[in-house]
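S.K.: Give me a model of this one.
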Amino acid sequence: MASSLQLQGSNNNNNKDERYLVLVEFAYIHLNFQLAELESILDMYGIKLGSSSSSSSSSDCVVIPLPGQQQQQSKPSSQKRRPYVILSFKSKDAARLSAKQKSQEKWDFATTTTTTTKVDVKNAGIVDILSRCALVKSILELWGRGCSIEDCAANTKHWTTDTKIGRSIFQKVAADASQSWKLTIHTLGTKYSREEQENMRQKFSYLGFQGPVRMKEPDNEYVLIREVEMDGKASPLHAVLSAGGGETKSGPENNDDDKFPALGVYFGRKLGGTSKKGRGGLEQYNLKHRVYLGPTSMDAELSFVMTSFGQVQKGSIVFDPFVGTGSILLSCALRGAYCIGSDIDIRVLKGRSQDENIWKNFDQFNLNRPEIVRTDNSIYHRHFRSHRPLYDAIICDPPYGIRAGARKTGSRLETPRQILDEHRHDHIAQTKPYPVSDVMSDLLDVAARTLVMNGRLVYVIPSFKDFNIETDLPRHPCLQLVHSCYQPLSAELGRRIVAMKKVEEYDESRRDNYLTSIWVNGKESAEKCANLRDKILEAAKQKPGYEEKAAIRREKRKAHKHAKKEAKRRSKVDIAS
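M.R.: Model prediction:
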């Protein structure tokens with residue numbers, strides 16, 4: 001097993017430009033979106049994220065491999081399941097970045113959203129920066145790492161004694177007798193007895209922390225993390241059975257090869273985070289707590305991730321052209337944005353009653369109400385001034401006909417009836433089907449027209465397995481693709497969160513050329529996003545037992561309909577009597 005002293009990014013006496021390492025722990029959800037959200041938030045603060053192949057001495061921040069990651073190149077699925085990332089910064093930024101959170105409340109997502117100010121690029125610490133990420137759970141100032149506890153302990157000793165940056169930080173926090181401390185054993189998916197945890201702590205006894213031990217709210221919390229490979233449900237992937245057939249207990253005193261093998265071991269000082277499951281305070285924004293919901297309301301976590309992709313902050317002007325019940329705009333408002341929304345369905349915008357509508361969702365969280373307009377994105381240029389860029393971000397979930405079909409203004413009749421002048425003041429225009437290819441073409445065209453330079457378009461697009469990002473994803477010459485992250489929903493179908501950035505000013509004289517270039521392969525590409533409901537149904541019919549299950553569902557619907565009729569009839573009888 002390779003020693004952690006040879007891991008990429010380790011500081012040593014021969015390295016003239018020592019690096020400051022930070023371990024980022026993500027909540028175990030939406031794993032495919034984590035790095036993209038991290039990169040978007042860092043970019044807000046002017047920090048460009050480099051890859052592990054970048055020169056660590058020239059980049060402001062690079063992602064370096066986790067312990068054992070080089071040996072896992074043949075196991076891509078394992079790479080995706082690791083909820084940790086190591087960021088490497090220049091040592092000159094260590095003093096600014098290492099500022100700790102002042103209290104646990106600062107990491108509460110309710111606090112970091114509703115009190116968010118405009119980003120302070122020059123003075124922000126790493127906690128200030130990454131507390132904006134919906135998927136980041138905690139941040140560790142990394143002192144050592146390795147593929148085993150012994151390697152991690154040796155790497156930590158080397159860093160604190162043989163490197164300039166390590167000695168400086170150690171003397172400042174660990175050798176100060178006035179600073180209290182505690183050492184926490186953190187294992188994701190496994191449990192250890194007190195005796196086993198104490199054996200692990202003894203490996204780092206040479207550090208000799210000088211201050212008093214305090215278990216509640218110490219000045220410094222040191223964390224030892226033993227990472228094991230997880231499955232999609234955050235359970236250990238490799239659980240070996242004992243001779244009696246039961247699952248064996250993991251423990252550091254046993255050989256890792258016959259227990260839960262360690263993917264990596266990390267030691268460091270906690271800069272910020274929460275011990276709660278996921279992000280602290282995020283639960284209060286869950287859809288089940290909302291006053292007004294619809295069938296297409298976006299879940300809270302994913303809508304917050306979309307605001308990160310869109311780099312929404314205090315004072316941003318954000319537009320959602322398919323606002324629906326306002327679930328995405330609500331997350332933008334929590335970021336401090338000024339929100340504008342539109343939708344063609346007046347029934348959704350009005351809500352069910354005075355107490356159940358889109359504005360009540362905002363009142364529920366004491367947020368400023370958004371500007372809501374009943375309009376049609378296909379004729380945006382007729383309803384809004386589009387000659388001048390306005391929006392910092394456009395964030396939306398366009399209709400694709402799975403749960404809600406797309407509609408646009410118009411009549412199916414060749415010669416529709418004229419509306420009299422006295423009826424125009426409250427007239428609601430007729431609508432007709434809106435092809436998905438036109439939905440996306442109009443969305444990208446509106447974004448290219450109305451986004452400010454470097455403004456972002458973030459949207460959701462469903463896709464099947466045969467979806468090709470290079471040829472099937474809609475493009476626009478004025479917009480540059482930044483992120484495309486896939487979330488599987490079933491064996492056949494998933495959805496992508498796509499982020500694009502405006503890089504070129506819109507030229508009205510080239511509009512026809514813009515529209516024809518949106519779909520790379522023309523109709524063939526557009527069809528990948530069309531008729532999704534029919535495609536899903538066709539795929540379901542291929543599965544064994546479909547007809548039997550369909551018959552059961554039909555009987556249930558029939559029984560439910562009959563029960564409603566009977567209940568209505570009995571109600572009338574009771575009223576009459």
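S.K.: Look up the closest residue to I225, ignoring the ones flanking it.
M.R.: Y266 (4.4 Å; C-beta to C-beta, 6 or more residues apart in numbering). Placement of C-beta: from N, CA and C, glycine included.
S.K.: whoops, A539 was the one
M.R.: Leaving aside its sequence neighbours, A539 sits nearest to E492 (C-beta to C-beta, 6+ apart; 4.8 Å).
S.K.: now swap in K465 and tell me
M.R.: For K465, ignoring the flanking residues on the chain, the nearest one in space by C-beta to C-beta, 6+ apart is E492 at 6.4 Å.
S.K.: Would you confirm that that neighbour contacts D466?
M.R.: No: counting by C-beta atoms under 8 Å, no contact exists between E492 and D466, whose distance comes to 9.7 Å.
S.K.: low-scoring pLDDT stretches of the protein, where are they?
M.R.: In the prediction, the chain carries residues with pLDDT under 70 at positions 1-17, 51-58, 70-81, 100-121, 232-259, 275-281, 401-404, 530-534, 577.
S.K.: and the longest helix for it?
M.R.: Secondary structure assigned by DSSP state H gives helix 546-576 as the longest helix of the chain.
S.K.: distance between that helix and the chain's centre?
M.R.: On the basis of C-alpha atoms, centre = their mean, to the nearest Å, helix 546-576 sits 41 Å off its chain's mean C-alpha point.
S.K.: Same question for stretch 305-324.
M.R.: Computed by C-alpha atoms, centre = their mean, the chain-centroid distance of stretch 305-324 equals 13 Å.
S.K.: strand partners of the longest strand along the chain, parallel vs antiparallel please.
M.R.: The longest strand of the chain (DSSP state E) is strand 451-464. Applying DSSP bridges, strand 451-464 is found paired with strand 391-396 (parallel), strand 493-502 (antiparallel).
S.K.: Now render those as a markdown table, adding distance to G324 and mean neighbour count.
M.R.: Output for these, formatted as a markdown table (distance: least, C-beta to C-beta, whole Å; neighbours: other C-beta atoms under 10 Å):
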| stretch | distance to G324 | mean neighbour count |
| --- | --- | --- |
| strand 391-396 | 9 | 25 |
| strand 493-502 | 16 | 21 |
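S.K.: Which one, of these, ends up nearest to T409?
M.R.: strand 391-396 (18.1 Å; C-beta to C-beta).
S.K.: Would you list the phi and psi of L31?
M.R.: Main-chain dihedrals, L31, degrees, to the nearest 10: phi -60, psi -30.
S.K.: what's the neighbour count on it?
M.R.: 19 (other C-beta atoms under 10 Å).
S.K.: any idea how far it is from L21?
M.R.: Remark: distance between L31 and L21 (C-beta to C-beta, to the nearest Å) = 22 Å.
S.K.: for N155, same thing?
M.R.: For N155, the distance to L21 - C-beta to C-beta - is 11 Å.
S.K.: follow-up on the earlier one: the strand or helix carrying the residue nearest to I225 pairs with which strands?
M.R.: Under the criterion of DSSP states H and E, Y266 resides in strand 262-273. Sheet pairing here is set by DSSP bridges, and for strand 262-273 it gives strand 136-146 (antiparallel), strand 220-228 (antiparallel).
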